[in-house]
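Novice: compute the structure for the input listed below.
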Amino acid sequence: MTKRNKIIYWVSTIWLALGLLSGAIFQLMRMDDAVKNFTHLGYPLYLLTILGIWKILGVIALLTPKFALIKEWAYAGIFFTMSGALISHLIMGDAIGETFPSVLTLILVIASWYFRPTERKITSLTNQ
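Specialist: Purely as a prediction, here's the structure:
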């Protein structure tokens, strides 16, 4: 892994982790904006707690060494959650500012996944 790729991986991963963690806290504390956002999108408020907990678990999975399979599941979960959020905002006709956090998180999760080091990737049994 080149130094450039390692820097891109860690910058995108740390920024992703901080964004997810702050979003999780925001959701778990049921801050006014989070409640308004979920109500506007038509989602039940108990989903705030579920997503908040999943985001924290995703951050732990991404930052913990080893456990490549769990990391893949975390990447997939984050991607599906953020693409769902983006689609929800687009369907509701929300402004670009409302979709920006979802788009940024999608870019970060893709960059982190793409530039992850070899030891953080799943290797198939046929390659060994």
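Novice: buried residues in stretch 104-122?
Specialist: If you call a residue buried by 16 or more other Cβ atoms under 10 Å, then stretch 104-122 has these buried ones: 105-106, 108-113, 115-116, 120. Placement of C-beta: from N, CA and C, glycine included.
Novice: which one of those sits closest to Y46?
Specialist: T105 (21.8 Å; Cβ to Cβ).
Novice: residues contacting G23?
Specialist: Residues near G23 by Cβ atoms under 8 Å, 6 or more residues apart in numbering: 52, 55, 101.
Novice: tally of neighbours for I60?
Specialist: Residues within reach of I60, counting by other Cβ atoms under 10 Å, total 14.
Novice: quick one: it and L41, what's the gap?
Specialist: According to Cβ to Cβ, to the nearest Å, I60 and L41 sit 27 Å apart.
Novice: give the closest residue to the residue nearest the centre of the chain in space, chain neighbours not counted.
Specialist: Nearest to the geometric centre of the chain sits I78, at 3.6 Å (Cα atoms, centre = their mean). Once flanking residues are discounted, I78 sits nearest to V109: 4.7 Å by Cβ to Cβ, 6 or more residues apart in numbering.
Novice: please look at the one you found and A76 and confirm they touch.
Specialist: No: the pair V109 / A76 is not scored as a contact, 9.3 Å apart, by Cβ atoms under 8 Å.
Novice: now do the buried residues in stretch 69-86.
Specialist: 71-72, 74-75, 77-78, 81-82, 85-86.
Novice: no no, stretch 28-44
Specialist: Buried, per 16+ other Cβ under 10 Å, within stretch 28-44: 28, 34, 37-38, 41.
Novice: and the average pLDDT for it is what?
Specialist: The average pLDDT within stretch 28-44 is 95.
Novice: over to stretch 72-88?
Specialist: Here the average pLDDT along stretch 72-88 is 96.
Novice: touching the one helix or strand S112 maps to from outside, list them.
Specialist: S112 belongs to helix 96-114 when elements are defined using DSSP states H and E. Residues from elsewhere that reach helix 96-114 (Cβ under 8 Å, 6+ apart): 8-9, 12-13, 15-16, 19-20, 23, 62, 75, 78-79, 82-83, 85-86, 89-90.
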